[in-house]
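Novice: return atomic coordinates for the entry below.
(chains A and B)
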Amino acid sequence: MTNQLNENIITIYFDSPKPFEASNIKPLNGIAGLYFIFTQSIDIQYPFDKSKLLYIGMSEKKTNSIGSRLLGHFDGKSKNLGLTNYRKVEPLLFTYINFEMLKSLWQFRIEDLESYFILDFVEQYGVYPICNNKSGFEIQNKTLTSSFKIDWKYFK
Amino acid sequence: MATKINNITIKGIRGAKDSLELPLNGKSILLYGDNGTGKSSISDSIEWFYTNRVSHLSSNSEIDLKDALRNSELDEEAVSEVNISFVKQSDIDCSKTLFNKRAKLTTGFSNSSDAFKQYIEASKEENLLLRYQYLTDFIDNTKGDKLKYLSDIIGFSEVTKKKEVLKKSYNSIRTEIKNQNFEAQTNTQKQVLIEKLGATISQEENLLEKINEKIKPLKTGIEVIKMEDIDKILVHLKNSTNNKLNKELALLEKANTVLNTLKSEIDFIDSEYVKYYDEFEVIANDVESIMQTFLGDLLKTGDTVLSKKYHKDSSCPLCLQPKNVEELRTEIAIRLKDIEESSKKKASFDKAKQLVNEITVERIKRLDTVLSDNLITADESKLIKKGFVGLKGKITEYQKSSLERVTSGNKIPKAETIKLSASDFNFQNGITTRIKKIQEIFKKDNSAVQYSNISASKDAFLKIKQFEKQKVKLEKQRKTLEIIYNEFVKRQKEGLENFIATFSSTINEYYQYMNPDEPFQEIKIVTIGDEDELNGITIEYKYNGNWVSPPQKYFSESHLNCFGLSFFLASVNAFNNKNKFIILDDVISSFDSNHRKRFAELIFEKFSKYQIILLTHEEDWFTNFVSPLAKKKGWLINEIKWTEDKGTHLEEEPSDLRERIEINLADSKIENLGNPIRKYLEHSLKDIALNIEAKLSFQYNNSNEHRMPYELIMGIKSEIKKCSTELKAKFLVIDRIESSSILGNISSHDNPFNPKIGDLKAFWADILELERIFICEQSECKRPMVSLKNYDTVTKRIRCGCDYTKYDWKK
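Specialist: Predicted structure coming up:
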């Protein structure tokens, strides 16, 4: 697309964290993309490094938006016991990536983007985020036109 | 200080043609008057004095009310007047007058002090008057009307208005957040950052890190540590770049960003327009029902006219066609329900319309930021200008539709005919091509490339921060208003319910007092409505252990009236802070004898601290039950009469008059003395004239009664001169009365006259001395008046019944 894309590496920085509370979740209705839930102070010891990241999630369409997915985790309807129990220990934080922003760079489905992030995390930390119970979707197209350098140190 | 009435004088109002005076001196009064004597002149006058209306006269038009209030037999120049003076609060004594000014009836208060203004304002909120008619009206009101009635008296309506303002503010902020579409705007700027710096950035440290990474190969010797350092690096790079191309590139990129944002909003704009279009269609296809909403107020007023029985005939009050009133009210209720539905539809439509309008205004503003750029008129910008003007035209189409009046009969275009399409953005290819071209030129010069990238990134980043700030601000406002609104609704309901619980128990107490040992228990008022909206109140009670509502179900008319009366008295108890008096006008008309008895006992027992003006036309109740009780409690008792000549008036016994004069003299209340002294003197002189058979010129009927004191004195003197040497020797006192300036002035009703208290006392002493001449002072004397009826034909003396007081008299 432009000169930078020729280099094909895009750094993914995250927005500033938001407290995992209903009032911050509500405005995200109608947004599709990825979301990340993490602790404020508890470090999770992953095989290669420590991180505060608990969960990488995805909303594939605007009708089942980041807002409604996060709300499911917040009120426990998603039955993710890990997230529920971490929330009991301390208030959690979250951030998200609006898929619209990456649309021009990512030609595949949101599900593939989620897998990409999860697999990148596995590569860096040695295992899936602790509250991700499944591996996510396999990346369908291996010949990617762009690749991301994800700022995982954000969750340090 | 609790306010009680000292004196009420009514002149030229309703039935009271002459002066009708209630000298209360803070005491309660029981007034009996047969039907048609004009009892209500008193309650009407007091209601008008305090509220400027008389509810049963239907005061829709003030002019009609004024006409109805004024005694019909008054001369045009005469002034109608209600004068009220208060116990120990002479600063709020006041006359309210009604008089003709340039052929128009005008009202005015004699007291313009702040103390009086505050008093009258505070009194408007209080329950001072109850009439029989109000009792059944309250029971018959709809639930919503009951809530309104109660809301009005406890100031709840004002609170509800404030709640509506809060709700409106809250909704307008929500709309603004939606309209701004911060998420889309931020995304576009983030895309600029991805393009220019190869990173998704929204935090300062990430921006600075990326810029440092980009300028490292240029070896500028500058490290970007904070935002201000970005300008340093830009100045450094600018020196070695083509300034004109940079400016062009800046415009192209600005245009590109605006287009990208707008493109990403096509679906958003379209979906909001579709919502609006659908709402428009619904309303446009049913304009009739929307037009009906404008009749809502008229129908509500019509229903009030019928429910309050302002219109009593079996016909429609507007067109006067024959119609059963109950059927008409049912039809009105159905129409009002339909109107409520239509109003909801209209509110939803208005919301959609407003949002589309705001969306278009904001998008046109964004397009204008490019169209107002200095470079837009340059030849190389022609393409951009044309494209932007085209887009603005399309958005203007949306805007035009959002301004279309739904009742105009015009259609608005379907969404697909005006929807923004990809082809509207074709000219953007030219923009991106030109950007690439400039970037190609810059490529040869890395400094120029980085200048352009960093400059654009900085702008994009600042915009993201600006959006964040705006969003946080609006979200904060929204949250705050949400909290305030929710708390407001909660408190409003809690407050009302707490109040109602206490209020209900007082109503129940009064009701049970009047209805002991009856199956209706735990009478209470209850609110109807969900969590955040109150729709009305209703009345419930336990009947044989089961809850019953509405009360009409088992209540007889007496029971219903007892409830209404209990409600009023509980209101007096709860809300009357300033005034300690109430007027009860014929409230027991439909009560059976048992309820009447209990009502009287309730008043005497529970309201003994209040000054009560109790009016009744029930002779038996008055004579046999209330009068003895009232006498025992020290109430004043009187009868209201009506004659063609005087209109409504009170028959005050001379003994009462004398007591009143003496009290006022002792208290130096000059303003209340003139009229009573005149009346008393007239009465005494008439008695003397009658008993010595004084000759006065012939007059017919009532005119005979209207002899002025001067004329009577002349008649008496002339008779004495002829017949009695001894009495002639007493002329001195009669002469003093005759020549007193007070007599001259009090004889005239219209003369503004301010005598000194000493003069009045001296004048009164003369009247008593005159009386002592003609009235025997021996306590055992059965016929104390010196009279020709007791004439001693042997000694030729005029004398009293016991022969102690006597004078020579030649017949």
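
Novice: from here on, contacts and neighbour counts on C-alpha atoms
Specialist: Noted.

Novice: burial measure for residue 18, as a count.
Specialist: Assuming you mean chain A. Neighbourhood size, residue A:18 [other CA atoms under 10 Å in any protein chain shown]: 14.

Novice: that answer is for a different chain, and I need it for chain B
Specialist: Neighbours of residue B:18 (other CA under 10 Å): 19.

Novice: these two touch, right, it and residue B:9?
Specialist: No - when contacts are counted by CA atoms under 8 Å, residue B:18 is not listed as touching residue B:9 (10.0 Å).

Novice: quick one, what contacts residue B:385?
Specialist: The neighbours of residue B:385, taking CA atoms under 8 Å, 6 or more residues apart in numbering or on different chains as the test, are B:371, B:376, B:377.

Novice: how much space between it and residue B:660?
Specialist: Residue B:385 sits 96 Å away from residue B:660, taking CA to CA, to the nearest Å as the criterion.

Novice: coming back round to it: report the buried members of the contacts of residue B:385.
Specialist: B:371, B:376 (16 or more other CA atoms under 10 Å in any protein chain shown).

Novice: tell me which residue of chain A lies closest to chain B.
Specialist: Ranking the residues of chain A by distance to chain B (CA to the nearest CA) places residue A:11 first, at 4.3 Å.

Novice: sheet-wise, list the partners of the helix or strand where that residue lies with their directions.
Specialist: Taking DSSP states H and E as the definition, one finds residue A:11 inside strand A:9-12. Note on strand A:9-12: by DSSP bridges, its sheet partners are strand A:147-150 (parallel), strand B:199-200 (parallel).

Novice: for the longest one, buried residues please.
Specialist: In this case it means strand A:147-150. Result for strand A:147-150 [16+ other CA under 10 Å]: buried residues A:148, A:150.

Novice: quick one: residues in contact with that strand.
Specialist: Outside strand A:147-150, the residues that touch it by CA under 8 Å, 6+ apart are A:8, A:9, A:10, A:11, A:12, A:13, A:117, A:120.

Novice: so how far is it off the chain centroid?
Specialist: How far strand A:147-150 lies from its chain's middle: 13 Å, per CA atoms, centre = their mean, to the nearest Å.

Novice: let's see it as CSV, backbone CA atoms only.
Specialist: Only the C-alpha atoms of strand A:147-150 are listed here, as CSV (Å, rounded to 0.1, in the frame of the first residue of the first chain):
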residue,chain,number,x,y,z
SER,A,147,3.4,-10.0,9.4
PHE,A,148,3.0,-8.4,12.7
LYS,A,149,5.5,-7.7,15.4
ILE,A,150,3.3,-7.8,18.5
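
Novice: OK, contacts around the residue in chain B that chain A sits nearest to?
Specialist: The nearest approach of chain B to chain A comes at residue B:199, 4.3 Å away (CA to the nearest CA). When the contact criterion is CA under 8 Å, 6+ apart, the partners of residue B:199 are A:10, A:11, A:12, A:13, B:193, B:210.

Novice: low-confidence stretches in the chain?
Specialist: If you meant another chain, say so; for now it's chain A. A:1-8, A:134-146 (pLDDT under 70).

Novice: not what I meant, chain B
Specialist: For chain B, residues meeting the criterion pLDDT under 70 lie at B:58-64, B:136-158, B:240-241, B:529-536, B:551-553, B:645, B:651-654, B:672, B:701-707, B:744-754.

Novice: can you check which helix is longest in it?
Specialist: helix B:446-514 (DSSP state H).

Novice: domain assignment for chain B?
Specialist: B:5-128+B:576-643, B:652-774 (automatic domain parsing).

Novice: reformat those as CSV; add distance to chain A.
Specialist: CSV is the format used below for the domains of chain B (distance: least, CA to the nearest CA, whole Å):
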stretch, distance to chain A
domain B:5-128+B:576-643, 43
domain B:652-774, 71
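
Novice: hey, which of the ones you listed is tucked in deepest?
Specialist: Counting by mean count of other CA atoms under 10 Å in any protein chain shown, domain B:5-128+B:576-643 has the highest mean neighbour count of the domains of chain B, with a mean of 18.

Novice: before we move on, the earlier item: distance from the chain centre to the longest helix of chain B, please.
Specialist: The answer for helix B:446-514 is 30 Å, by CA atoms, centre = their mean.

Novice: now stretch B:279-295
Specialist: With CA atoms, centre = their mean, you get 32 Å for stretch B:279-295.

Novice: now do it: distance from first to last residue.
Specialist: 22 Å.

Novice: before we move on, what about stretch B:176-188?
Specialist: Terminal-residue distance, stretch B:176-188 (CA to CA): 19 Å.

Novice: which residues touch it?
Specialist: A:98, A:100-101, B:257, B:260-261, B:264-265, B:355, B:358-359, B:362, B:463-464, B:467-468, B:471, B:474-475.

Novice: what about that stretch, distance to the chain center?
Specialist: 44 Å.

Novice: that stretch: which residues count as buried?
Specialist: Applying 16+ other CA under 10 Å to stretch B:176-188 flags B:177, B:179, B:180, B:181, B:182, B:183, B:184, B:185, B:186, B:187, B:188 as buried.

Novice: same question, stretch B:311-330
Specialist: For stretch B:311-330, by 16+ other CA under 10 Å, it's B:311, B:316, B:317, B:325, B:328, B:329.

Novice: got the contact list for it?
Specialist: Stretch B:311-330 is contacted from outside by B:302, B:303, B:305, B:306, using CA under 8 Å, 6+ apart.

Novice: make sure residue A:85 is indeed in a strand.
Specialist: No - Residue A:85: not assigned to a strand; according to DSSP: H, G, I helix; E, B strand; the rest coil it is helix.

Novice: doesn't residue B:779 lie inside a strand?
Specialist: No - read with three-state DSSP, residue B:779 is coil and lies in no strand.
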